[in-house]
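This is a predicted model, with the sequence first.
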Amino acid sequence: ARSGWWGRLRTGARPEGARSGLSWWIVPGTWAVGFMLAAFWALPLIIRLRYTTEMNWQPLAGFDELVPVELWPVAILGVIGLVMALRRTGRALAPAALTLVPIPAFFLLSQGAKLWNGRALPHWFYGLHLFAGIAVGLLVVAAIRRLPERLPTWWVQTGTVGAVLVLVFGPRIGEPAWNIEGVPAWVGTLRLEPLVERISGPDMLVAAAGVLLLWLVGRRPRPATRTVLPVLASVAITGVIFVGVVTEENYVGAWARWNYLGYEGKATWPEYEGVMSAVGALPPGRVQWEANSELNKYGTPMAPMLFPYWTEGTHPSMEGLYFESSVTTPFHFLNAAEMSSSPSNPIPGLGYHSRDIDRGAVHMRLFNVSYYVAYTDTAKDRADRHPDFTFIEDSPPFRIYSLPESSLVEVAVNQPWVFEESGSGLLTSLVTTFTQDTEPHFVDVALDWYEDISLVDQWIVADGPPRWERITSDLDGATVPITTDPDVEVSDVVLEDHRVAFTTTGVGLPHLIKVSYFPNWTAYGAEGPWRATPAFMVVVPTDSEVELRFENTWVEMVGFALTLAGAIVLVIWLVALVRRRMVTAPSPPEGLRDPALRGTGRSGFG
């Protein structure tokens, strides 16, 4: 005879009383398996969170953000459903917790935490809709118990007409009233415009469905209550959501149409194609373009991000999504402000220097930018008068310039300073995600360093050899020039998606690699890499041939292992569940009533 937990797992048998004794682990067990399945990306995200960029979005505040007016009906039903579900079963505790926990999180995260509090709202909104649906279902069951077994035809027809009215006019509750002189205000509130101007395509579909339903009801008098009410409730709820989304006056429809026309579908496509072709014909190099909201006419203000797409990767754009995924992001937007007449400046709190082309020229060299594409006349005029910008050609309305030659890998002229973060471990990273952090971090020091362009050749790194001076956030170190052979040369620089390689004669000297730092970079033939200002990497070659590869670390390996283990646990769990259900259950006694109909005096069959 099989015994023990493995035997019970294989056979699906459950000892008497085990259900109540072991059910406590179902919810945390489900959450644990869910995390394991997602661990291949979730674990690296958590551990590497401090290498993401904080966009400094303003926290949402106020009750109207938590429960917008358009969600009031859903919120009322959701609260009712939550209370009813908790009174009926303890299984509602888990979804109730997931629904309610975001409320204190919403207010807690509004106190300067790294995690934007608006990201707690989707869980709250989902929970409200879930329990609103439960409330409707329980109310329908209660109505079935109390109403006659079959409804008079005119009841159903009246309900159908009411549902149609709700579907057509309900989504517009809360819109500005339609005012016409001599018409009562309440009519304007209902927005009863002339039918020709009022009825939309979805409204006509709803009306047609209502007419069809009225006809079907008329052919079958006195339909069963337990059939009619669930159908009407489901149609009403689904219809309100669907029709509201389709007919509501908002930007979503226009936004979708504008995007899915594509770049070629825009009237300005010839201009966009022209500048992409002009840049693509130039020797390879990074491109900095002038930011301007008017670029939306090409499809999006971020259309120039696609320089590498249209040029087959030969001309990388200095801007690309996703903003929060790179430590370089704040420095790029500082550059964009310096090189643009009307920059977006999307990260609040940065020290922007808009239209300062002198600073911009210094930072273009630092970032190894080869080309600048100006859009406005103001930016063109500034670039025309600056000695570092050489006119190449016009591609109306754009103008293309080249910049002085620089290198992706640069040899130090001064000994780097080292700023070591305090509390840079995993626990600190997690805590500061949910609470305000007042300790200076490397990015804060890097931003102060970036503000002072006289320090552009005095690199700061997050770690390094003991001989390099350690400094505080005051940037109060001593400048120590490095005596180098004037013939030191870096050559054969190769930049690929996951690889940087170069040859150098400066073995033992710090080299700055102008690629965004991330812990997955591994150096071969050099010490390092260490995170360096503004967001690059520094290595000290130990060989003339140096290579950096972007590789998996223990974080990714553990994440993949957890995902594999989670998949195995899930399969075992599902097999056990199937085996358990294959055990023949006793047939219900003949005449057993539907639990939803208990107390109605009616059978659930027939």
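Perfect, thanks for sending it.

Show me how far stretch 80-92 is from its chain's centre.
32 Å (C-alpha atoms, centre = their mean, to the nearest Å).

What average pLDDT does it get?
Per-residue pLDDT over stretch 80-92 has a mean of 87.

Stretch 573-588 now?
Stretch 573-588 comes out at a mean pLDDT of 76.

Tell me which residues touch the closest residue to Glu312 other than its chain neighbours, please.
The shortest distance from Glu312 to any non-neighbouring residue, by C-beta to C-beta, 6 or more residues apart in numbering, is to Gly280 (7.5 Å). Yep, even glycine has a C-beta here, placed from its N, CA and C like the rest. Gly280 makes contacts with 310-312, 314-315, as judged by C-beta atoms under 8 Å, 6 or more residues apart in numbering.

One more: Asn552?
Counting by C-beta under 8 Å, 6+ apart, Asn552 has contacts Asn520.

Verify the stated contact: Pro223 with Leu151.
Yes - applying C-beta atoms under 8 Å as the test, Pro223 and Leu151 come out as touching, 6.3 Å apart.

tell me what the helix or strand harbouring Ala75 is packed against?
Using DSSP states H and E, Ala75 maps to helix 72-88. With contacts defined as 3 or more C-beta pairs under 8 Å, 6 or more residues apart in numbering; DSSP states H and E, helix 72-88 has these neighbours: helix 93-100, helix 121-146.

mind putting those helices in TSV, distance to Trp258 included?
As requested, the helices and strands packed on helix 72-88 are exported to TSV (distance: least, C-beta to C-beta, whole Å):
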stretch	distance to Trp258
helix 93-100	35
helix 121-146	25
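
hang on, the earlier thing: can you list the contacts of Gly280 in CSV and add neighbour count?
Formatted as CSV, those follow (neighbours: other C-beta atoms under 10 Å):
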residue, neighbour count
Trp310, 18
Thr311, 19
Glu312, 8
Thr314, 15
His315, 23
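
Now do the helices in the stretch 451-600 of the chain.
Taking DSSP state H, counting those that start in this stretch to define them, one finds helices in the stretch 451-600 of the chain at 554-582.

just for it, where's the confidence low?
The stretch 451-600 of the chain contains residues with pLDDT under 70 at 484, 584-600.

one step back: mean neighbour count, the helices and strands packed on helix 72-88: which tops it?
helix 121-146 (a mean of 18; mean count of other C-beta atoms under 10 Å).

And that helix, how far out from the chain middle?
28 Å.

Can you spell out which helices and strands pack onto that helix?
Using 3+ C-beta pairs under 8 Å, 6+ apart: helix 121-146 touches helix 63-66, helix 72-88, helix 93-100, helix 102-108, helix 225-247.

Counting neighbours, what do you get for the closest residue to Phe367 other than its chain neighbours?
Leaving aside its sequence neighbours, Phe367 sits nearest to Lys514 (C-beta to C-beta, 6+ apart; 6.3 Å). The number of residues packed near Lys514 is 22, by other C-beta atoms under 10 Å.

Now Lys514: phi and psi?
Dihedral pair for Lys514: phi -90, psi 60, per degrees, to the nearest 10.

Let me see the contact set for it.
366-368, 408-410, 536 are the contacts of Lys514 under C-beta under 8 Å, 6+ apart.
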